[in-house]
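[1] I'll drop the sequence and a predicted model, then ask my questions.
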Amino acid sequence: MRRWLIFWGAALLLVFSAPARAAVLATDYDAFWLWGGVAPQPALTRARSVYLLQGQISAPSDAVAATEVTAQGVSVTPLRQTELWLVYRALTLRWSPRVEATLIAQLRRWRAAGNTVRGIQIDFDARTRHLQDYARFLRELRARLPADCQLSITGLLDWSTNASPAAIDGLRGTVDEVVVQTYQGRHTIADYAAYLPKVARLRLPFKIGIVQGGEWRAPAQLARNPWFRGYVVFLLNPRASSSSFLPPSSSPRRARKAWIPALRARMTTVEPARMTTVEPARKTGRLFTVL
């Protein structure tokens, strides 16, 4: 009987001492993706960097000339307290010259409004076997961007494990950072931890992209990696049953800082006139689908 008590006591100790599944609290971080339709949150008042969705690049046909930028997300707003990245979701890499002209024009408009815009981020799901082609595309894009515009990209966990050395070499010296995404939709990828030890083989500045409310346990060696530059949290609209978005200790008053109301006011629609220098007004529209 005593042995059974010892056995069950040890089993319960293992259960209750095991590390909990840690949910990502936005208030613990200072860099965020803000997609269209996601309401500004108190965590943004302490943001050091915000990655703002600007549009989607797609091609309705096989003709390169038909490639277009559909305006989405936040229109030009003075957000002077925060470093900004302008994000474009790319569904194709067959860009027409007017696509690049649109990106550069948007960059100049945001800066003219008094914002500190560090650069542009391309959000493209490049398959690992095509990473070398993607690196070539990025080199050509970088050559046509203004010299003071940095280039960021999102990356897949699979790159760290299965990409060829030649493909990874093609990214070095071209992009200023890779933000490796550890989630899909609203959820963290189940086996994300298995990939993280090999992320360092990218040997270029990288951040880890995590999703608000998702699981995240930071491996001990990550903070010691000389290429690691921190985290970017993908913000979501909270569900009614979720408590991981605003802890009880957070004060709602912090959300009243200057740029939060201004940002909220600019997120309901995209102003057609903002894109008319390159794209016709009919291409603008409502915000990106809310997750």
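    Right, received. Where do you want to start?

[2] going forward, measure contacts and count neighbours with C-alpha atoms only.
    Fine.

[3] need the strands for the stretch 51-200 of the chain, in chain order.
    Using DSSP state E, counting those that start in this stretch, the strands of the stretch 51-200 of the chain run over 68-71, 83-90, 116-123, 150-156, 177-181, 183-184, 187-188.

[4] which residues in the stretch 151-291 of the chain form helices?
    Taking DSSP state H, counting those that start in this stretch as the criterion, the stretch 151-291 of the chain contains helices spanning 157-162, 165-171, 192-199, 259-265.

[5] please identify the deepest-packed of the ones you listed.
    Comparing those on average neighbours per residue, with mean count of other Cα atoms under 10 Å, the densest one is helix 157-162 at a mean of 18.

[6] for L84, which non-adjacent residue is closest in space?
    V117 (4.6 Å; Cα to Cα, 6 or more residues apart in numbering).

[7] picking up where we left off before, export the strands of the stretch 51-200 of the chain to TSV and tack on mean pLDDT, mean neighbour count and distance to R109?
    Compiled in TSV, the strands of the stretch 51-200 of the chain are given as follows (pLDDT from 0 to 100; neighbours: other Cα atoms under 10 Å; distance: least, Cα to Cα, whole Å):
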stretch	mean pLDDT	mean neighbour count	distance to R109
strand 68-71	86	25	14
strand 83-90	96	22	11
strand 116-123	97	21	10
strand 150-156	96	21	16
strand 177-181	95	23	23
strand 183-184	91	16	32
strand 187-188	92	16	34
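
[8] and of those, who's closest to N237?
    strand 187-188 (13.4 Å; Cα to Cα).

[9] mean pLDDT lowest where, among the helices of the stretch 151-291 of the chain?
    Lowest mean pLDDT of those: helix 259-265, a mean of 60.

[10] looking at the strands of the stretch 51-200 of the chain, which is nearest to P205?
    strand 177-181 (4.9 Å).

[11] so what touches the closest one?
    151-157, 204-210, 232 (Cα atoms under 8 Å, 6 or more residues apart in numbering).

[12] 10 Å instead?
    Outside strand 177-181, the residues that touch it by Cα atoms under 10 Å, 6 or more residues apart in numbering are 121-123, 150-160, 171, 188-189, 192, 196, 199, 202, 204-211, 227-234.

[13] look up how far P60 lies from L93.
    Separation of L93 from P60 (Cα to Cα, to the nearest Å): 13 Å.

[14] actually S164, not the one I wrote
    S164 is 32 Å from P60, by Cα to Cα.

[15] more crowded one of the two?
    Using other Cα atoms under 10 Å, the more surrounded residue of S164 and P60 is S164, with 14 against 9.

[16] OK, contacts around that one?
    Residues in contact with S164 (Cα under 10 Å, 6+ apart) are 128-129, 131-132.

[17] closest to L222 among the residues you listed?
    T128 (22.6 Å).

[18] that closest one against D158, yeah?
    Yes: contact criterion Cα atoms under 10 Å: T128 and D158 qualify, at 6.8 Å.

[19] show me what the most centrally placed residue in the chain is bridged to.
    Closest residue to the average C-alpha location of the chain: W33 at 4.6 Å, with Cα atoms, centre = their mean. In this entry, W33 is beta-bridged to Y51, F234, by DSSP bridges.

[20] shouldn't it be in contact with Q54?
    No: with contact defined as Cα under 10 Å, W33 does not count as touching Q54 (11.4 Å).

[21] separation between T116 and W85?
    Applying Cα to Cα to T116 and W85 gives a distance of 9 Å.
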